[in-house]
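>>> Need coordinates for the following:
(2 chains)
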Amino acid sequence: MEQLWSEALIWIGLALISSLISLRIGISVALVELIVGITAGNIYRPHISEWVNFLASFGAIVLTFLAGAELESQTLRKFWKESLVLGFLSFLAPFALSWFAAQFLLGWDRSAAQIAGLALSTTSVAVVYAVMLESGLNEKPIGKLILAACFVTDLGTVIALGLLFTSFGPQFWIFVGVTIIALFYLPKFTRFYLTRVNAHSSEPEVKYVYFVLMLLAYLAVGGGSEGVLPAYLVGMVLADTFLANKELIRRMRATTFALLTPFYFLKAGSLVDLKAVFASLGLVLLFFFSKTLAKFLGLYPAGVAFKFTRRVNVYLNLMMSTGLTFGTISALYGLTHGIIDKERYSILVVTVILTAIIPTLIAQAFFEPKGREREVLFEAKGGQKDV
Amino acid sequence: MFKKILLAYDGSEGSKLAFEKAAEIAKLGPAEIHILAVGRIPEYAETVSEVNEAKEQASSFYSKIMDEAIRNLSQRGLAANSHIEFGKPGDVILRIAEDLKADLVVLGTNIHSALRRRFLGATVDKVVDHAHCSVLVIKGGD
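Numbering: from 1, shown residues only, chains lettered A, B, ... in the order given. So this is what the prediction gives:
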């Protein structure tokens, strides 16, 4: 028992240090937790027990749910053509190119190469949103389109992660059936439920969401799939309900950020082997460029077809080259399921961290749309009221 | 003289000194004063709601500071506009100065450790280096 408390003390201590650093330097706690986890993992190697694994896994699921619940369905409907095309290409091109590079240039086996493709196919809606908020672009149609396209990209990653490594046995089809029924009935039932429980202090709403996520994660894992797949889908179908109930999102985030996601990001960081990374810096660069180059190859021609100016097009490409949460989720899935080893995992996670930072810095410094460019899509879609 | 002054203001001691100087210059002009507060939002965030909450907290915090500053100026017979924006202070001050076509940016400094300044950069350095217009830096205490 004493051992349990000493382990808990170390993990919570690392989480606390991360929060204080984040507060001081203004960088999100997720990135700081990853870096603190990497540091701790390479100096001390904190023990990863079953309970840490559980909190980390559930943290990834709830975080994925929250990401799905931030979908602006109105924007997706308004720019459905552009966001589907850009989002799909933004997923497919880096997935295919990174898979190809890992399998045929580096000689990784097919499953490991697919994990590399998935980890590098993602975007980060939250990273992109924070960058655009600084320039006010989040309120402009082009900003809303980029965010909607990022949702589509992450949906592609989550679906691929949920399906690529499954065996499609009977349990998988039970999971699919229950998920489809849940997605169909959840919005209506959730609205009804929320009016009944009426923000009671025992937090029945938060427990309800956790129950749904745990049930679907149980079925997903039993069916050989991954719990983040139903979590993202449930988040998306409940997005409008949650948009009208921001207080509930705030309460869920408080629980999640305090006790769940620190374990996820610290664990993900602590498994990174820095020696392996330094020994393979060339591979980190290869994967970084395979992701960003593939995003450009996929997205730039589509941007030209949508008549974006060069600056807007490059900005969009750079924004959609970011990645963080889903990239680490995919890499950690590969490690925990024995698809990739620690060395490959380390290379992928460090590449993902670089993709969160470098493209946004370049975009902000050199390609931020200015003047009339910021209004692209505005006139074509009939003004801001419609957006 | 200056016609449009952008004052970067966060309620700190350094910015209060800058406030006094900006008011003094505006009276001589007369000049239009725009007061800008810049709220920090987490970079590389996990969720959009996390960013939005930081934004709401900063808005609420700076609204009170701005209201007080506007009231103070109006007691001196000066009218001013307030702006609350988000991001890295240096970048935002430069952007708003350009958007407003300000001809003077006034900002105060607080004493930072050399280490912090080296790693995090100083807002003042950035604004002085890149502003399209004149910049007045008022040196203050901690």
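
>>> what's near enough to touch whichever residue of chain B sits closest to chain A?
Per Cβ to the nearest Cβ, residue B:87 is where chain B lies closest to chain A, at 3.0 Å. (Glycine included, C-beta is placed from N, CA and C.) Going by Cβ atoms under 8 Å, 6 or more residues apart in numbering or on different chains, residue B:87 touches A:133-135, B:38, B:40-41.

>>> Return the nearest residue of chain A with respect to chain B.
As assessed by Cβ to the nearest Cβ, chain B sits closest to residue A:134 within chain A, at 3.0 Å.

>>> Assumed that residue was part of a helix.
Yes: assessed by DSSP: H, G, I helix; E, B strand; the rest coil, residue A:134 belongs to a helix.

>>> Give me the number of neighbouring residues for residue A:164.
A count of nearby residues for residue A:164, using other Cβ atoms under 10 Å in any protein chain shown, gives 17.

>>> ok, it touching residue A:118?
Yes: counting by Cβ atoms under 8 Å, residue A:164 touches residue A:118, with 7.3 Å between them.

>>> returning to that earlier point: can you tell me which two in the contacts of residue B:87 are farthest apart?
Distances among the contacts of residue B:87 were taken as Cβ to Cβ; the most separated pair is A:135 and B:40, at 15.0 Å.

>>> more crowded one of those two?
residue A:135 (23 against 15).

>>> Check the more buried one and give its pLDDT.
Residue A:135 is assigned 78 on the pLDDT scale.

>>> gap between it and residue B:58?
Separation of residue A:135 from residue B:58 (Cβ to Cβ, to the nearest Å): 16 Å.

>>> What of residue A:151?
Distance from residue A:151 to residue B:58, counting by Cβ to Cβ: 26 Å.

>>> Check residue A:180 too.
Residue A:180 is 42 Å from residue B:58, by Cβ to Cβ.

>>> Comparing those two, which residue is more hemmed in?
Taking other Cβ under 10 Å, residue A:180 and residue B:58 do not tie; residue B:58 has more neighbours (18 against 11).

>>> Can you tell me which residues in chain B are near chain A?
B:40-51, B:53, B:55, B:85-88, B:91-92, B:95, B:120 (Cβ under 8 Å from any Cβ of the partner chain).

>>> Looking at those residues, which are in strands?
Using DSSP state E, the members of these that fall within strands are B:85-86.

>>> Can you select the buried ones among the residues of chain B next to chain A for me in PyMOL?
Buried subset of the residues of chain B next to chain A, written as a PyMOL selection, criterion 16 or more other Cβ atoms under 10 Å in any protein chain shown:
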select buried, chain B and resi 41+42+43+44+45+46+47+48+49+50+51+53+55+85+86+87+88+91+92+95
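
>>> Least confident secondary structure element in chain B?
Scoring the helices and strands of chain B by mean pLDDT, DSSP states H and E places helix B:114-120 at the bottom, with a mean of 55.

>>> ok, then the element right after that helix?
helix B:123-130 (DSSP states H and E).

>>> Can you pull up the most central residue in chain A?
Against the mean C-alpha coordinate of chain A, by Cα atoms, centre = their mean, the closest residue is residue A:326 at 3.2 Å.

>>> all helices in chain B, in order from the N-terminus.
Remark: helices assigned in chain B by DSSP state H are B:13-28, B:48-75, B:89-100, B:114-120, B:123-130.

>>> swap in the stretch 101-250 of chain A?
A:110-119, A:125-135, A:141-164, A:170-197, A:204-222, A:228-237, A:239-243, A:246-255 (DSSP state H, counting those that start in this stretch).

>>> Now do the first one: everything it contacts.
Right, helix A:110-119. With contact meaning Cβ under 8 Å, 6+ apart, helix A:110-119 is reached by A:94-103, A:106, A:108, A:157, A:160-161, A:164-165, A:287, A:323, A:327-328, A:330-331, A:333-334, A:339-340, A:344, A:348-349, A:351-352.

>>> Write the ChimeraX selection for whichever of those residues are buried.
Here is the ChimeraX command that selects the buried residues among these (16+ other Cβ under 10 Å):
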select /A:94,95,96,97,98,99,101,102,103,106,108,157,160,161,164,165,287,323,327,328,330,331,333,334,339,340,344,348,349,351,352
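
>>> Please name the nearest non-neighbouring residue to residue 12.
No chain specified, so I'll use chain A. Nearest non-adjacent residue to residue A:12, counting by Cβ to Cβ, 6 or more residues apart in numbering or on different chains: residue A:262, 7.8 Å away.

>>> if you could check chain B rather than the one you did, that'd help
residue B:110 (5.5 Å).

>>> Equivalent analysis for residue A:342, please.
residue A:273 (5.3 Å).

>>> give me every residue that touches that neighbour.
Per Cβ under 8 Å, 6+ apart, neighbours of residue A:273: A:41-42, A:342-343, A:346.

>>> now do residue A:232
Neighbour list for residue A:232: A:64-65, A:67-68, A:154-155, A:158 [criterion: Cβ under 8 Å, 6+ apart].

>>> ditto for residue A:102
Going by Cβ under 8 Å, 6+ apart, residue A:102 touches A:108, A:112-113, A:116-117, A:287.

>>> Likewise for residue B:7?
Contact partners of residue B:7, counting by Cβ under 8 Å, 6+ apart, are B:18-19, B:22, B:33-36, B:105-107.

>>> most neighbours, which of those?
Counting neighbours by other Cβ under 10 Å, residue B:22 leads these with 32 neighbours.

>>> Settle this for me: that residue is touching residue B:108, isn't it.
No: using Cβ under 8 Å, residue B:22 makes no contact with residue B:108, being 9.7 Å away.

>>> now the contacts of residue A:102 in a markdown table, with pLDDT and distance to residue A:188?
Converted to a markdown table, the contacts of residue A:102 look like this (pLDDT from 0 to 100; distance: Cβ to Cβ, whole Å):
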| residue | pLDDT | distance to residue A:188 |
| --- | --- | --- |
| A:108 | 96 | 45 |
| A:112 | 97 | 42 |
| A:113 | 97 | 42 |
| A:116 | 97 | 40 |
| A:117 | 97 | 37 |
| A:287 | 95 | 43 |
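
>>> Out of the residues you listed, which comes closest to residue A:228?
residue A:117 (16.5 Å).

>>> can you pull the pLDDT of the residue lying closest to the closest one once chain neighbours are set aside?
In space, residue A:117 comes closest to residue A:99 once its chain neighbours are excluded; the distance is 3.4 Å by Cβ to Cβ, 6+ apart. If you check residue A:99, the pLDDT there is 96.

>>> Name the residues that touch stretch A:155-172?
A:64, A:87-88, A:91-92, A:95, A:111, A:114, A:118, A:121-122, A:219-220, A:222-226, A:228-230, A:232-233, A:236, A:326, A:329-330, A:333, A:337, A:339.

>>> And for stretch A:88-95?
Residues outside stretch A:88-95 that contact it (Cβ under 8 Å, 6+ apart) are A:117-118, A:120-123, A:149-150, A:152-154, A:156-157, A:160, A:290-291, A:294-295, A:297-299, A:302, A:320.

>>> repeat that for 7 Å
Counting contacts by Cβ atoms under 7 Å, 6 or more residues apart in numbering or on different chains, the residues outside stretch A:88-95 that touch it are A:117-118, A:120-121, A:123, A:149, A:152-153, A:156-157, A:160, A:291, A:294-295, A:297-299, A:302, A:320.

>>> Just the buried ones from those?
Taking 16+ other Cβ under 10 Å as the criterion, what is buried in those is A:117-118, A:120-121, A:123, A:149, A:152-153, A:156-157, A:160, A:291, A:294-295, A:298-299, A:302, A:320.
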